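Novice: The following block contains a protein sequence and its predicted model.
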Amino acid sequence: MQSLIPENRPALILAPMQDITDLAFMGVVDSYGGPDYYVTEYFRVHRDSTLEKKILRSISENQTGKPVFAQMIGENIPALVRSATQLMHYPVAGVDLNLGCPAPTVYKKNAGGGLLRLLDHVDSILGALRDAIDGRFTVKTRVGFETHEEFDAILAIFKKHAIDALTIHGRTVREQYKTPVHANLVKQAVETMSCPVIANGNVVNVATGKAYHAQTGAAGLMVGRGAIRSPWLFQQLKDAYERKPVVQPTRKDLHGYITKLYFAVAENAKDYVEQSHVNRMKKYMAYIAQGIDEEFEYQIRRVKTQVDFFATCDHFMLDDRKLPDAPPVESKLFSGFSKLLEDQKN
Ligand SMILES: Cc1cc2nc3c(=O)[nH]c(=O)nc-3n(C[C@H](O)[C@H](O)[C@H](O)COP(=O)(O)O)c2cc1C
């Protein structure tokens, strides 16, 4: 794993995000510099599951030249072992297990974050997967299900197994996506685990990334929503750590990103239908538009055709004004990140 961690800065990783971080998105992010490695959306694993072809494409057709980890979600041990064994026939950098998904449909089946309520079962899964996986085996977790006080017991289980890296989204399952992250618990994991620990949650710009890293000593930073909003963030972080000038993109640059994404996602789609594609783009636009211009956010939510989509983008984006460095402090899709900055000042 150490070979994936640069010497002079934390490793940078694009967070897995279902229906977002597919082959097309990884290619677009990489064209702006990109992270050091990728993790796929999760493969759903159960008794009768087969590996989803669409997700396999982000491994076998990946053009970024960067390592790609395959993530699995599930609780059935023979099925997880079977899927991990199958995944190792693909050019994966390793296999990752999701112990954090907070969606009720997932956790109620005791998968994802739901497993954090069943630590004996986690213990058995980790043991079985460690035995089955020849290469790297990594885990992505939250800090508890109901409360962060569960974290000591969770860490004790992780410590028992020779996992290759531990990524921590620093919230409990109950905390979903909006609270500040528990940076102190990520730090505790860094001090306790012998493998690299990756800090995740609320990195939205260089300042929050550097603050999270400084507060935890983590070997890496994993960035999700912040990278949808700004694919420049990985290059900005690299430049900041290398003491190079950090370039702030303009609205015109954002227009370029949206255009590139629009056509990359369209090209990658199984069946292209204009209106569904425009609707699909709105998923990305929800993150991209935050804090740019309220009228833009409003109008882009209502477009139905490609012509209207680009007419709206042209109207708001074709100028050289710099983009805001961070999203609004309390917005629908980003919040809680300012605590990282406050703690850094104290
Ligand atoms: C739309 C969306 C989909 C996600 N899908 C996954 C997933 O498939 N696997 C996973 O481990 N985490 C998933 N996550 C969680 C992210 O990987 C990440 O842990 C979380 O968003 C916090 O990081 P951020 O603040 O940088 O976004 C998802 C998050 C979002 C917003």
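Specialist: Yep, that arrived.
Novice: dump the residue contacts of Ile163.
Specialist: Leu126, Arg130, Phe137, Thr138, Val139, Cys195 (C-beta atoms under 8 Å, 6 or more residues apart in numbering). For every residue, glycine as well, the C-beta is placed using N, CA and C.
Novice: for Asp253, that is, sorry about that
Specialist: With contact set as C-beta under 8 Å, 6+ apart, Asp253 has these partners: Trp232, Leu323.
Novice: That one: which element?
Specialist: helix 251-268 (DSSP states H and E).
Novice: And for Asp343?
Specialist: Applying DSSP H and E as the criterion places Asp343 in helix 338-345.
Novice: what's the answer for Ala286, then?
Specialist: The secondary structure element spanning Ala286 is helix 274-288 (assigned by DSSP H and E).
Novice: Report the angle between that helix and helix 251-268.
Specialist: With axes from the mean of the first three to the mean of the last three C-alpha atoms, to 10 degrees defining the directions, helix 274-288 sits at 140 degrees from helix 251-268.
Novice: Now helix 274-288: average pLDDT?
Specialist: Model confidence over helix 274-288, given as mean pLDDT, is 96.
Novice: What of stretch 228-248?
Specialist: The predicted model gives stretch 228-248 an average pLDDT of 98.
Novice: ok, now stretch 51-63?
Specialist: For stretch 51-63, the per-residue pLDDT averages 98.
Novice: How about that stretch, which residues are buried there?
Specialist: Using 16 or more other C-beta atoms under 10 Å as the test for burial, stretch 51-63 gives Leu51, Ile55, Leu56, Ser58, Ile59, Asn62.
Novice: Need the contact partners of that stretch.
Specialist: Residues from elsewhere that reach stretch 51-63, judged by C-beta under 8 Å, 6+ apart: 21-23, 26-27, 30, 38, 40-44, 68, 70, 83, 86-87, 90-92, 268, 270.
Novice: So is it next to the ligand?
Specialist: No. Under the criterion of C-beta under 6 Å from any ligand atom, stretch 51-63 makes no contact with the ligand; the nearest approach is 9.4 Å.
Novice: what do you get for stretch 201-221?
Specialist: Yes. Stretch 201-221 lies in contact with the ligand when judged by C-beta under 6 Å from any ligand atom; the contacting residues are Gly201, Asn202, Val203.
Novice: Checking the second one next. Helix, strand or coil?
Specialist: Translated: Asn202. Local secondary structure at Asn202 is given as coil here, using DSSP: H, G, I helix; E, B strand; the rest coil.
Novice: what's it sitting at in phi/psi?
Specialist: Here is the backbone geometry of Asn202 (degrees, to the nearest 10): phi 80, psi 10.
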